[in-house]
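1. Curious how this folds, go ahead:
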Amino acid sequence: MSYLSEDTIKRAALQFLKTYYKFRPRGLGETIVSTDMETQSGVIADAYFSFPKEDGSQFTATLESTSIDVADEIKYSLQRRQLLWDSFAVGAVVTAFLLAFLWAYRIWDLFNIGWALSVFLVFSVLSIAVFAFQQIFKTSSRYRYIYAIEQFKQYHADEQWIAFGGDVFPVPDDPYLTELKNQCVLNGFGLLQVSKDEHLLMLISPAREEIFAHRRKNFNFFNHPVAKSLQFDRLGQNLSTVPRNFQRYNRPFMAQAMI
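-> Residues are numbered from 1 along each chain as shown. Modelled structure (predicted):
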């Protein structure tokens, strides 16, 4: 069975972007259309579309293309360590406030009930708070890590798109696709689906308003020579089969540990 390659998806999506932005108001200057662009920090954009706006600033749209070979980059993975650290941090705060309340109203007094019962009380409250937090928030998008979404958050672009082959999600109610749609809407990213005949369906359009309010860094993109050279090696292996670290944008736990 043949599958849509990443290059095919990229080509079809880039052609769509050309049409989509064809009538967007723009100023004088060159329109840049390219593939496999990279920032100094190692963030790679599979497709890059840029043109000058009427006010003289540069409009930039980037795209991540995903074939079935690298489907893990748009399928969420549960961040259990993040959930555990968050639950312990929240549980510690809840425990501290609750015990402070009990002590203030003389409901709990270490010298009256003793060390053993006090330690048991502390760990009981902490355990209940941790368990309750995990049960309530384990389905939150915060703990459903999607590599492509997190990579988009690393840099500023006016509009960002994810394009995937129709064979990546074989059924329309796939829970991974549902979560991908939810996070695209939440973050203002566009979503495209490419069928086997290269027909393109826009599932979600990107937000026209800036959602991140200048919280992302501006990076300069340049041609990615390594990607170009790896695109086809002597065995005919394309870029989509090159190993990628899909967990590189996991959040740190320093703040939770300090709490």
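2. Could you tell me whether Asn182 really is in a strand?
-> No - secondary structure of Asn182 (DSSP: H, G, I helix; E, B strand; the rest coil): helix, not part of a strand.
3. Test my guess that it contacts Ser140.
-> No - using Cβ atoms under 8 Å, Asn182 is not in contact with Ser140, being 10.5 Å away. C-beta here means a position set from N, CA and C on the backbone, and glycine is covered the same way.
4. More neighbours: the two, which one.
-> Higher neighbour count among Asn182 and Ser140: Asn182, with 15 against 10, using other Cβ atoms under 10 Å.
5. Pull up the distance across stretch 57-73, start to finish.
-> 31 Å (Cα to Cα, to the nearest Å).
6. how about Asn220, what does it touch?
-> 39-40 (Cβ atoms under 8 Å, 6 or more residues apart in numbering).
7. mind listing the helices in the protein by residue range?
-> 6-20, 80-104, 110-137, 147-152, 175-187, 225-230, 254-258 (DSSP state H).
8. Is it correct that Leu28 is in contact with Pro52?
-> Yes - contact criterion Cβ under 8 Å: Leu28 and Pro52 qualify, at 6.6 Å.
9. thinking again about what came up before, take the helices of the chain and lay them out in CSV including distance to Glu198.
-> As requested, the helices of the chain are exported to CSV (distance: least, Cβ to Cβ, whole Å):
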stretch, distance to Glu198
helix 6-20, 5
helix 80-104, 38
helix 110-137, 40
helix 147-152, 21
helix 175-187, 20
helix 225-230, 22
helix 254-258, 45
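10. Pick the most deeply packed of those.
-> A comparison of the helices of the chain by mean neighbour count, using mean count of other Cβ atoms under 10 Å, puts helix 147-152 on top with a mean of 23.
11. Show residues contacting that helix.
-> 43, 62, 64, 66, 72-74, 160, 162, 180, 183-184, 187, 189, 244, 246-249.
12. picking that back up, Leu28 and Pro52: which is more packed in?
-> A count of neighbours by other Cβ under 10 Å puts Pro52 above the other of Leu28 and Pro52, at 16 against 7.
13. contacting residues for the nearest residue to Leu203 once chain neighbours are set aside?
-> Nearest residue to Leu203 in three dimensions, chain neighbours excluded: Leu191, at 4.4 Å (Cβ to Cβ, 6 or more residues apart in numbering). By Cβ under 8 Å, 6+ apart, the contact list for Leu191 reads 161-164, 180-181, 184, 202-204.
14. among the helices of the chain, which is nearest Thr35?
-> Comparison of the helices of the chain against Thr35 by Cβ to Cβ identifies helix 6-20 as nearest, at 6.0 Å.
15. got a list of contacts for that closest one?
-> 33, 35, 46-47, 49, 61, 63, 65-67, 69-70, 161, 163-165, 192, 194, 198, 200, 202, 231, 238-240.
16. buried subset of these?
-> For the contacts of helix 6-20, a burial check counting by 16 or more other Cβ atoms under 10 Å picks out 33, 35, 46-47, 49, 61, 63, 65-67, 69-70, 161, 163-165, 192, 194, 200, 231, 239-240.
17. Poorly predicted segments of the stretch 101-250 of the chain, please.
-> For the stretch 101-250 of the chain, the stretches flagged by pLDDT under 70 are 110-111, 213-214, 224-244.
18. 90 instead?
-> 101-122, 125, 154-157, 166, 170-172, 195-199, 207-250 (pLDDT under 90).
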